[in-house]
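Engineer: Sharing a model prediction with you, sequence too.
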Amino acid sequence: MAPDILDTLVSAETPEGILLELRPAGLTARCYAFLLDQLIKLAVIYLFEILAIFAGGIGLGLALILLFALEWLYPVVFELSRWGATPGKRSLGLRVIMDNGLPVTPAASLTRNLLRAADWLPFLYGFAVVSMLMRRDFKRLGDIAAATLVVYQPRPATRIATTDIPPLAPAIALAPSDQAAVIALAARASRLTGERLDELAALAAPVSGDAGSSGPHVTRRVLGVAQWFLGRR
Amino acid sequence: MTPLQFEQRYQPEWDELQTLLRKLRRPHFSWRETPDQQSSGGERIAALYRRACEQLALARARAYPAYLTERLEELTAEAHQLIYQQAELGLGRLKRMVATDFPRAVRAHAVYVWIALAVFALPTLVLGCLVYFRPELILSVVDGAQAVEYERMYSSAAESIGRTRDAQGDWYMFGFYIRNNIGIAFQCFAGGLFAGLGSLFFLAFNGAFGGAIAGYLTEKGLGPTFYSFVVTHSAFELTAIVLSGAAGLRIGHAILVPGRRTRVQSLVVAAKESTVIIYGVFAFLLIAAAVEAFWSSATWMPPAMKYGVAALCWTGVIAYLTLQGRGAR
């Protein structure tokens, strides 16, 4: 099935027998998150060192401890916080979770961040990049060992606006999956440009008996059929 | 049932679950539980969660519109995270870790610990002897300037041993040791991911390096200062490096010989079990850094006292790793 190949969704089954759908984040998003985190760390250590100069040996010692903490513990602390992500990841809407959909555990977070030292090789995350590009769930080596996933925070789907469009009985009988496709079009309607919506609606035109024609009026009729499928009469 | 009827019928339940979850999620600003939090009964959440799961399964089977299934998916995912989360943090957990889990994990990995010890100690001894009898070999480990620097650091004239420093230098060195030594130990662990080769390399490399320096300084007659300096903190530091190497070897072994699991499953299990050792390693290295910076370097103390304390530390560490937590269930 084509959608299967294209989609990178990971399903985690809960004890209740439902599948949670997790959307792993790819290389680009994680690169940006990583760079943001590096900038934050750099800013923190820079500020601290300016202050540390005045404190002499103690200041420099604390600066080194801070450097250590930023290097190894910064991600662990943030991943175990309420947000489940470092500030960099959070700003991109990412989150670290266990690959069974649960919040990341302290042991797993520590593992994935210590194994960063292995991911980091050969140069600047060479193994991590190779591993992420070769896997559908974009895990780096640390993620594989810790059984964690970096996923997109789910965003609520837009509701279908209860528009003024009157419901319209479909011209042909449709299978449930086709009905779902028409409804999904209606759900996306508010996010599409008018022209694109018309184009897409033209493809679905047979359902309202307008096969072959297109334009705003056809779109209205197709959306009317969607309203019908939703249960409005 | 049409999607709209479905939504109208169950909407109140979803909203109730949502508000209950929100209540639980809210950070606890006050230490005492508010009546509000007490009344957000777990039973009700569990019941609503199961119903939501059922409704999600129905909604998917009937191909209901995406906004409905996604609403339910979001709701169930949130509840699932809250209901099945593992509370691993806390003082009780820490106590159990110190009292039983860590020493037990070390004993469970005894084979790896012995191998790691051999890989670490053999190069130490070999290079130590080689450099002792042929001091010019030190130049194959460090360059001339560094050798001179080491010699100066441990010369009996230095006012504090280790690296030269002023009064506030102790703090500086504390930071230095934390950053440097814990980094080395973590590398020994992470190297295990390359079929254990990385761990073997870092263990042997650090062993050989330490051995060469020790052999060189002994040959120069600086043995007394050097050994009285390293003997105390090495109880924690060398143990920690060997233990993290052992944890790395466990991971490498799990990848090479996964047994009846798949390689990935085997790796996940090995990582989970050996991470317990890393918790202890981390604590050991913090102790080692503190001892090294504030105790080992002090010159006012007679060497006899240092050796006495060191003997206590070594006995303590070995006894802790071999005996602690044997009886407990």
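Structural biologist: Received the coordinates, thanks. Residues are numbered from 1 along each chain as shown, chains lettered A, B, ... in the order given.
Engineer: in the top helix by length along chain A, what counts as buried?
Structural biologist: The residue-count maximum for a helix in chain A (DSSP state H) belongs to helix A:27-53. By neighbour count with 16 or more other Cβ atoms under 10 Å in any protein chain shown, helix A:27-53 contains the buried residues A:29, A:30, A:32, A:33, A:34, A:36, A:37, A:40, A:41, A:45, A:48, A:52. C-betas here are computed from N, CA, C, even on glycine.
Engineer: In chain B, what residue spans correspond to helices?
Structural biologist: In chain B, the helices defined using DSSP H lie at B:3-25, B:35-39, B:42-61, B:66-83, B:91-96, B:102-108, B:110-133, B:144-153, B:169-190, B:197-219, B:223-256, B:263-291, B:303-323.
Engineer: okay if I get those as CSV plus distance to chain A and mean neighbour count?
Structural biologist: Putting the helices of chain B into CSV (distance: least, Cβ to the nearest Cβ, whole Å; neighbours: other Cβ atoms under 10 Å in any protein chain shown) gives the following:
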stretch, distance to chain A, mean neighbour count
helix B:3-25, 4, 15
helix B:35-39, 16, 10
helix B:42-61, 4, 17
helix B:66-83, 4, 21
helix B:91-96, 9, 11
helix B:102-108, 11, 20
helix B:110-133, 16, 18
helix B:144-153, 17, 14
helix B:169-190, 3, 23
helix B:197-219, 7, 22
helix B:223-256, 7, 24
helix B:263-291, 4, 21
helix B:303-323, 20, 14
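Engineer: least reliable of the ones you listed going by mean pLDDT?
Structural biologist: Among the helices of chain B, helix B:35-39 carries the lowest mean pLDDT, at a mean of 50.
Engineer: my read is residue A:20 is in a strand, agree?
Structural biologist: Yes - counting by DSSP: H, G, I helix; E, B strand; the rest coil, residue A:20 is found in a strand.
Engineer: what number of residues lie near it?
Structural biologist: A count of neighbours around residue A:20, defined by other Cβ atoms under 10 Å in any protein chain shown, yields 20.
Engineer: Mind listing the residues bridging to it?
Structural biologist: Residue A:20 forms beta bridges with residue A:12, as assigned by DSSP bridges.
Engineer: Break the chain down into its domains, please.
Structural biologist: Looking at chain A here, since you left the chain open. Per the record's domain assignment (automatic domain parsing), chain A is made up of the domains A:2-152, A:176-230.
Engineer: wrong one, chain B
Structural biologist: Per the record's domain assignment (automatic domain parsing), chain B is made up of the domains B:3-83, B:91-323.
Engineer: Quote the end-to-end distance of the last one.
Structural biologist: It refers to domain B:91-323. End-to-end distance for domain B:91-323, by Cα to Cα, to the nearest Å: 22 Å.
Engineer: List of residues touching stretch B:307-321?
Structural biologist: Residues external to stretch B:307-321 that are found in contact with it (Cβ atoms under 8 Å, 6 or more residues apart in numbering or on different chains): B:103, B:106, B:107, B:228, B:231, B:232, B:235, B:236, B:239, B:284, B:291, B:295.
Engineer: cutoff 6 Å now
Structural biologist: Applying Cβ atoms under 6 Å, 6 or more residues apart in numbering or on different chains, the set of residues contacting stretch B:307-321 from outside is B:103, B:106, B:231, B:232, B:235, B:239.
Engineer: excluding its backbone neighbours, what's nearest the residue most central in space within chain A?
Structural biologist: In chain A, the centroid-proximal residue (Cα atoms, centre = their mean) is residue A:152; its distance is 2.1 Å. Leaving out its chain neighbours, the residue that sits closest to residue A:152 by Cβ to Cβ, 6 or more residues apart in numbering or on different chains is residue A:23, at 4.6 Å.
Engineer: can you pull the pLDDT of that neighbour?
Structural biologist: Reading off the confidence values, residue A:23 has pLDDT 86.
Engineer: Contact partners for residue B:303?
Structural biologist: In this structure, residue B:303 makes contact with residue B:228, judged by Cβ under 6 Å, 6+ apart.
Engineer: where does it sit relative to residue A:26, distance-wise?
Structural biologist: Using Cβ to Cβ, to the nearest Å, we find residue B:303 at a distance of 59 Å from residue A:26.
Engineer: can you give me the helices in chain A?
Structural biologist: Listed from the start of the chain, chain A has helices (DSSP H) covering A:2-6, A:27-53, A:56-68, A:74-79, A:87-91, A:106-114, A:116-119, A:126-134, A:141-146, A:176-188, A:194-203, A:216-230.
Engineer: out of these, nearest to residue B:273?
Structural biologist: Among the helices of chain A, the nearest to residue B:273 by Cβ to Cβ is helix A:106-114 (9.5 Å).
Engineer: re the thing from before, I'd like the helices of chain A written out as TSV, with distance to residue B:258 and mean pLDDT added.
Structural biologist: TSV is the format used below for those (distance: least, Cβ to Cβ, whole Å; pLDDT from 0 to 100):
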stretch	distance to residue B:258	mean pLDDT
helix A:2-6	28	53
helix A:27-53	27	88
helix A:56-68	34	76
helix A:74-79	27	89
helix A:87-91	31	90
helix A:106-114	18	86
helix A:116-119	18	81
helix A:126-134	18	84
helix A:141-146	13	86
helix A:176-188	40	81
helix A:194-203	49	86
helix A:216-230	50	83
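Engineer: so which of these comes closest to residue B:137?
Structural biologist: Proximity to residue B:137, assessed across the helices of chain A by Cβ to Cβ, is greatest for helix A:116-119 (30.1 Å).
Engineer: Now do the buried residues in the closest one.
Structural biologist: By neighbour count, and taking 16+ other Cβ under 10 Å as the criterion, the buried residues in helix A:116-119 are A:116, A:117, A:118, A:119.
Engineer: restrict those to those near chain B?
Structural biologist: Filtering the buried residues of helix A:116-119 for proximity to chain B (criterion: Cβ under 6 Å from any Cβ of the partner chain) leaves A:117, A:118.
Engineer: hmm, back to that, of the helices of chain B, which approaches residue A:102 most closely?
Structural biologist: Taking Cβ to Cβ as the measure, these were each checked against residue A:102, and helix B:66-83 came out nearest at 6.1 Å.
Engineer: for that closest one, packing partners?
Structural biologist: If contacts are counted by 3 or more Cβ pairs under 6 Å, 6 or more residues apart in numbering or on different chains; DSSP states H and E, helix B:66-83 sits against helix A:176-188, helix B:3-25, helix B:42-61.
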